[in-house]
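Participant: Sequence and predicted structure below; questions after.
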Number of protein chains: 2
Amino acid sequence: MSSVAKIENVRTAQPAIKAVPDEPERVGGFRYARPKVAVDIIVFAVSNHRLSCYLIQLKRGPLSSRWAFPGGLVRVGESLDAAARRELASPTGLSDAYIEQLCTFGDPSRDPRSHVVSVAYMALISAPGLVKAPDKYADGKWFEVSNLPPLAYDHALMANYALKRLKAKLAYTNIAYSLLPETFTFAEFEDLYATILGRQPDRRNFRRSIMAMGLLKELPMKRTGRHRPATLFSFATRSPQIIEML
Amino acid sequence: MSSVAKIENVRTAQPAIKAVPDEPERVGGFRYARPKVAVDIIVFAVSNHRLSCYLIQLKRGPLSSRWAFPGGLVRVGESLDAAARRELASPTGLSDAYIEQLCTFGDPSRDPRSHVVSVAYMALISAPGLVKAPDKYADGKWFEVSNLPPLAYDHALMANYALKRLKAKLAYTNIAYSLLPETFTFAEFEDLYATILGRQPDRRNFRRSIMAMGLLKELPMKRTGRHRPATLFSFATRSPQIIEML
DNA sequence: TCAAAAGTGTTGGCATTACACCCATGA
DNA sequence: TCATGGGTGTAATGCCAACACTTTTGA
């Protein structure tokens, strides 16, 4: 169960531009909605023992100054995955992060202005540093997941769902690789799990089971610090895999 | 991890009706797509030891006479879940089946006529009998999942995804209740698992573990047949629950 | 030499597996 | 009485959880 909707043939033919009113279409006697289609992206990162996600502050509209996940409308000829990657790259500059479709929210009243169907994505990145809010937002910053401000639209639902999914997938996939730098100590790896799952596993058992499944590759270098140097590790493979982890 | 996007406040205010061309909208210098939004629904049922799903035959358009999952455009003021339930009720007459959003497909070229974003749903019903294809389709019938015809659009992707999800959820939820009638014998229950998962569990161990977790309620009646009468069971609770089943 | 983090083995209990025979009925 | 599917118990195994001390370094 990994990212789906992988077809990415972006259409190149470009139809003429024309403004479209937000009106329904009548076909066969029924009035079909013409909702706008957006993607919203929940970007997770871990830093100093805290799971954080990136929020932007809305600039315009009836919800201006409220916090929300970054997102935007799908463009002409663009797939959903491509739109999500674009919305991720816009504040972070990252183009190859782990990204996964979560689910789609389409209540007609979820946006007070018009009917907007939004496809929620989750992205996992390792460095929460580099992020800068694009001009279309009033502001953007990282919030600890355990301490989010009130969110616009139905984004609180998205946040709950994303967190549940992240926790679940941590237990049966190797996606943790996308939250860690290229090399890391075992303690950092373990701390990632403790942080996201909210509990400290038994250190000996955890190390034993992780090492037994060959997830990590021991590197010949050590990280020296104030204390006993720690062996460095990297992931044996940095592509998403289903592995019974816990 | 159950059905999401549960907000169901259907808007009552109804804007004026007007035909909408399939053209992009220009906002802030970018050309935003105005895709149509559809739901497609993968209806599963089990009968005589086979997992089947319901397909319809397209009547119009460039893919006419191809097989596909039933589905249709979202109507004005309608949520995605409501649209999915409507598309399920249309051939089956069922309104309370288990239904769950799967994922959303939005490649701009997935429909040769225009950009259609489709939200895939899965539904589980117990009686594959009652189904009758609505007039908008040329035909409709049940196919064994292991023997599907070529499917229109990207519906083969949907089928794969749905099947994977069904198998996974069978192992950690009680959604099997929606594939069985109100009462059933233990052999029928066991056969459901064997059929969908494609392997025969050890009968004694399977019964022991299922009974130990209190999923089923033993009824005071028996089903008599040609042979030794079998105890009838029903589910202790017929609402979706997370339970480690296997 | 002390503080702080890194690293490591053994055991008991529990849960899962494997396995084969008797039972109740209708024909 | 026989064919057919319904229903059950026990022993062996493997896995997981619990548990505490030694090592290495920098200050």
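Facilitator: Great, that's in hand. Residues are numbered from 1 along each chain as shown, chains lettered A, B, ... in the order given.
Participant: Quick check: bridge partners of A:Arg223?
Facilitator: A:Ala230 (DSSP bridges).
Participant: I'd guessed A:Ser95 sits against A:Arg86; true?
Facilitator: No: with contact defined as Cβ atoms under 8 Å, A:Ser95 and A:Arg86 do not form a contacting pair (9.3 Å). No exception for glycine: its C-beta is placed from N, CA and C like everyone else's.
Participant: Which one of those two is surrounded by more residues?
Facilitator: Taking other Cβ atoms under 10 Å in any protein chain shown, A:Ser95 and A:Arg86 do not tie; A:Arg86 has more neighbours (16 against 10).
Participant: Return the residues of chain A in contact with DNA strand D.
Facilitator: Taking Cβ under 7 Å from any atom of the strand as the criterion, the neighbours of DNA strand D within chain A are A:202-205, A:209, A:224-229.
Participant: just those residues now: which is nearest DNA strand D?
Facilitator: A:Arg228 (2.8 Å; Cβ to the nearest atom of the strand).
Participant: can you tell me how far that closest one sits from A:Asp191?
Facilitator: For A:Arg228, the distance to A:Asp191 equals 17 Å [Cβ to Cβ, to the nearest Å].
Participant: Would you mind getting the angle between the longest helix along chain A and helix B:155-172?
Facilitator: Secondary structure of chain A per DSSP state H: the longest helix is helix A:155-172. Helix A:155-172 and helix B:155-172 meet at an angle of 70 degrees, taking axes from the mean of the first three to the mean of the last three Cα atoms, to 10 degrees as the criterion.
Participant: Alpha carbons only: can I get helix A:155-172 in CSV?
Facilitator: Output for helix A:155-172, consisting of C-alpha atoms alone and laid out as CSV, is shown next (Å, rounded to 0.1, in the frame of the first residue of the first chain):
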residue,chain,number,x,y,z
HIS,A,155,-7.6,20.8,7.8
ALA,A,156,-7.9,19.5,11.3
LEU,A,157,-9.4,16.3,9.9
MET,A,158,-6.5,16.1,7.4
ALA,A,159,-4.0,16.5,10.2
ASN,A,160,-5.6,13.7,12.3
TYR,A,161,-5.7,11.4,9.3
ALA,A,162,-2.2,12.1,8.2
LEU,A,163,-0.8,11.5,11.7
LYS,A,164,-2.6,8.2,12.0
ARG,A,165,-1.3,7.1,8.6
LEU,A,166,2.2,8.2,9.5
LYS,A,167,2.2,6.2,12.7
ALA,A,168,0.7,3.2,11.0
LYS,A,169,3.2,3.2,8.1
LEU,A,170,6.1,3.6,10.3
ALA,A,171,5.3,0.2,11.7
TYR,A,172,5.2,-1.7,8.5
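Participant: Is that helix positioned near chain B?
Facilitator: Yes: contact between helix A:155-172 and chain B is present through A:157, A:161, A:164-165, A:168 (criterion: Cβ under 8 Å from any Cβ of the partner chain).
Participant: picking up where we left off before, in the residues of chain A next to DNA strand D, which two residues are the furthest apart from each other?
Facilitator: Of all pairs drawn from the residues of chain A next to DNA strand D, the greatest distance, 28.9 Å, lies between A:Ser209 and A:Arg226 (Cβ to Cβ).
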